[in-house]
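**Student:** My questions are about this predicted structure, shown below with the sequence.
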Amino acid sequence: MNFELTEEQKMVQAMARDFADQEIKPKAQELDQTERHPAEIVQKMAELSLMGIAIPDTYGGGGADVVSYVVAMEEISRGCASVGVIMSVNNSLVCDPINTFGTEEQKRKFLTPLASGKKLGCFGLTEPEAGSDAAAQKTTAVLQGDQWVINGKKNFITNGNVADSCVLMAMTDKSKRYKGISAFIVDTKTPGFSVGAVEKKLGIKASGTAELIMEDCRIPQENLLGQVGQGFYVAMNTLDGGRIGIASQALGIGRAALEAAAEYSKTRVQFGAPISKLQAIQWMIADMATELDAARLLTLRAAFLKDHKQRYEKEAAMAKLFASEAASRIATKAIQVHGGYGYIKEYNVERHFRDARITEIYEGTSEIMRLVISSNILKGR
Ligand code: CAA
């Protein structure tokens, strides 16, 4: 067993760290306040091959491995969790399924601009009545001639208000339940496709979360992704990878909170000495660091398994479950270390606290993660 990153992985990590320190972190407060899409940052991330980092370079990607994706995601999310999820969705939920299930033509037409970051993608699975119960799709796609006609609504779609393409799930045969779901690639400029409400949220405020509306939205027959009826499998397989991305985002948020708490404790003087001299504070810092490391090891293991083409859905769920809940605990302690100052906006930890919370919810709640883990164990793996 080797815990050392390769030279290439270290280079990706250092590049992402420098970029986050110079270009993302200084803007994180403003992004949180203005809730604007950070287009200029996404553009630069595209130039650094971060928008399709683990996609082969023949299709516009960075040609790196999943471990590199994890270390880069941690650095970017440490700078700003909103930027982290914009990156994660494009990588994991859009580029990855097109790379895995797409035809050569789909890869040239859709994957190449998405992986190179010239275009941005979103993932349309969630619906008002299909959240944790992802199979309860109400959106329909009907083949008419050589076009699929899509009708329905998606909600809580990350990047939905700014995306150029959407990997979208829809029911093509209701009688077959989850085996009647199919996946499609939809150009968001298609007539009949529109963006509805953009949500106001607790955290990750610079990441757009939108409703998508399809009204007789006609897409070419060849935009079917995978086989008819394979859409639920496409979605589940995609989310396994996505959960590694969200675990990495949680690592970045947790690390930002830990670093802020450690730094603050060395400068804040109470009872005649920096509070870092107090065992109460030292123990909190020790717990935060230990949880963060455990979360990182789980996340890297899931990435390693994906890189080595081994099954990883249980491990990805464990990583997301633990890393997301750890990030929330770490952010809570970071506020505690800061005392009253932790509760005001100037010190950033209140933002980390708000941003951490979503990692326990999207791409499968903690409860769904526990379901995925236990069902794997009970099936003997
Ligand atoms: N890989 C491959 N196949 C899988 C699979 C996986 N990970 N998970 C399930 N399947 C297969 C099962 O083996 C089963 O196939 P068979 O019948 O052939 O055995 C089939 O799919 C149905 O499985 P289940 O009976 O377990 O399905 P279910 O309806 O009970 O649901 C679930 C399973 C795990 C709860 C699933 O619905 C789920 O993951 N829900 C959470 C949805 C989610 O994560 N949404 C996130 C939205 S995207 C998002 O949040 C993006 C963002 O904004 C950042």
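**Tutor:** Good, I have the coordinates.

**Student:** quick one: secondary structure of residue 185?
**Tutor:** Assigned with DSSP: H, G, I helix; E, B strand; the rest coil, residue 185 falls in the strand class.

**Student:** Any idea how many residues pack against the nearest residue to residue 171 once chain neighbours are set aside?
**Tutor:** The shortest distance from residue 171 to any non-neighbouring residue, by CB to CB, 6 or more residues apart in numbering, is to residue 137 (4.6 Å). For every residue, glycine as well, the C-beta is placed using N, CA and C. Burial of residue 137 is recorded as 28 neighbouring residues (other CB atoms under 10 Å).

**Student:** Give me the distance between residue 137 and the ligand.
**Tutor:** Residue 137 sits 10 Å away from the ligand, taking CB to the nearest ligand atom, to the nearest Å as the criterion.

**Student:** can you confirm that residue is in a helix?
**Tutor:** No: using three-state DSSP, the assignment for residue 137 is coil, not a helix.

**Student:** Quick check: phi and psi at it.
**Tutor:** Phi and psi for residue 137, reported as degrees, to the nearest 10, are phi -70, psi 130.

**Student:** What confidence value was assigned to the residue lying farthest from the centre of the chain?
**Tutor:** Farthest-out residue of the chain from its mean C-alpha position, per CA atoms, centre = their mean: residue 272, at 43.8 Å. Predicted confidence (pLDDT) at residue 272: the value is 98.

**Student:** from here on, count from 796
**Tutor:** From this message on, residue numbering opens at 796, which makes the last subject residue 1067.

**Student:** which parts of stretch 937-954 are buried?
**Tutor:** 943-954 (16 or more other CB atoms under 10 Å).

**Student:** Between all of the residues you listed, which two are separated the most?
**Tutor:** Using CB to CB, those reach their maximum pairwise distance at 944 and 953, which is 25.6 Å.

**Student:** This protein: strands as residue ranges?
**Tutor:** 916-919, 935-939, 942-953, 960-966, 976-982, 988-993, 1004-1015, 1019-1020, 1064-1065, 1068-1069 (DSSP state E).

**Student:** Just tell me which of these ends up closest to the ligand.
**Tutor:** Closest to the ligand of the strands of the chain, according to CB to the nearest ligand atom: strand 942-953, at 3.5 Å.

**Student:** Could you check the angle that closest one makes with strand 935-939?
**Tutor:** Strand 942-953 runs at 160 degrees relative to strand 935-939, counting by axes from the mean of the first three to the mean of the last three CA atoms, to 10 degrees.

**Student:** ok, back up a step: shouldn't the residue nearest to residue 966 be in contact with residue 965?
**Tutor:** Yes: between residue 932 and residue 965 there is a contact under CB atoms under 8 Å: 6.4 Å.
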